[in-house]
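Participant: okay, predicted coordinates and the sequence, questions at the end:
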Amino acid sequence: MTLVIGVTGHRILAEPERVAAGIEAAIARIEITFPGRPLVVVSALAEGADRLVAEAVLARPGSRLRAILPMPQADYLDDFATSESRDAFLYLLARADEVVELSPHASRDEAYAAANALMLERIDVLVAVWDGQAAQGQAGTAEVVARARARSLPLAWVHAGNRKSGTLEPAKLREDQGLVSYENL
């Protein structure tokens, strides 16, 4: 019986090495809590948290990836500013056992909200890479975490700075960057 791990989190991370170490600790705790179960990660494969968690899970033997894209792939590629980012997305997407492309929505925020809702329906555990703050827009990490908490889903919260509001500049947290808090886990 597989264990399905969802991911939500920030795209822009101030200290990715510390965050990646926190993600490793979170996944190790999940493996200890649910021993012997092959891991499946469900991710939109966005930059930052989505990719870090997907890569960490896929590094484990027997793990698999399911991608939920918030919109058709051709449109989603527009969200990645560099060719390196698009290539990294396509590399991970090629490793997915299943790819779900959602139909277009009236706005990108609605598309991301729909992808998040579908992800939450399909998972057993959530890894949130998050600063603990309210969302900077609709369909943000805070909303996904609130929905997971409402369902009492096991949650591994990797503390991570987001971006400074209204910019693409990373914002550091205090000394807790990369630390992990657990709920129902």
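Facilitator: Thanks, I have it. Residues are numbered from 1 along each chain as shown.
Participant: alpha carbons only for contacts and neighbour counts from here, please
Facilitator: OK.
Participant: phi, psi for the spatially closest residue to V19 that is not a sequence neighbour please.
Facilitator: Residue nearest to V19 in three dimensions, not counting chain neighbours: G178, with 4.3 Å by CA to CA, 6 or more residues apart in numbering. Backbone geometry at G178, expressed as degrees, to the nearest 10, gives phi 90, psi -10.
Participant: list the buried residues of the helix or strand encompassing A142.
Facilitator: Secondary structure from DSSP states H and E places A142 in helix 141-150. Neighbour counts over helix 141-150 (16 or more other CA atoms under 10 Å) mark T141, A142, E143, V144, V145, A148 as buried.
Participant: find the nearest non-adjacent residue to L45, please.
Facilitator: R51 (5.2 Å).
Participant: helix, strand or coil: sort out that neighbour for me.
Facilitator: helix (DSSP: H, G, I helix; E, B strand; the rest coil).
Participant: quick one: it and E175, what's the gap?
Facilitator: 23 Å (CA to CA, to the nearest Å).
Participant: these two: which has the busier surroundings?
Facilitator: Neighbours were counted for R51 and for E175 using other CA atoms under 10 Å; R51 has more, 20 against 8.
Participant: and that one, how far from H105?
Facilitator: Counting by CA to CA - R51 and H105 are separated by 24 Å.
Participant: residues in contact with the lengthiest helix in the chain?
Facilitator: In terms of residue count, the longest helix belonging to the chain (DSSP state H) is helix 16-33. For helix 16-33, contacts defined as CA atoms under 8 Å, 6 or more residues apart in numbering pick out 13, 37, 52-53, 56-57, 127, 129, 156-160, 177-180, 185.
Participant: tell me where this protein has strands.
Facilitator: 3-9, 39-43, 64-69, 98-101, 125-130, 155-159, 180-183 (DSSP state E).
Participant: could those strands be laid out in JSON lines, adding mean neighbour count and distance to L118?
Facilitator: As requested, the strands of the chain are exported to JSON lines (neighbours: other CA atoms under 10 Å; distance: least, CA to CA, whole Å):
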{"stretch": "strand 3-9", "mean neighbour count": "26", "distance to L118": "10"}
{"stretch": "strand 39-43", "mean neighbour count": "25", "distance to L118": "10"}
{"stretch": "strand 64-69", "mean neighbour count": "23", "distance to L118": "8"}
{"stretch": "strand 98-101", "mean neighbour count": "16", "distance to L118": "10"}
{"stretch": "strand 125-130", "mean neighbour count": "27", "distance to L118": "13"}
{"stretch": "strand 155-159", "mean neighbour count": "26", "distance to L118": "17"}
{"stretch": "strand 180-183", "mean neighbour count": "16", "distance to L118": "21"}
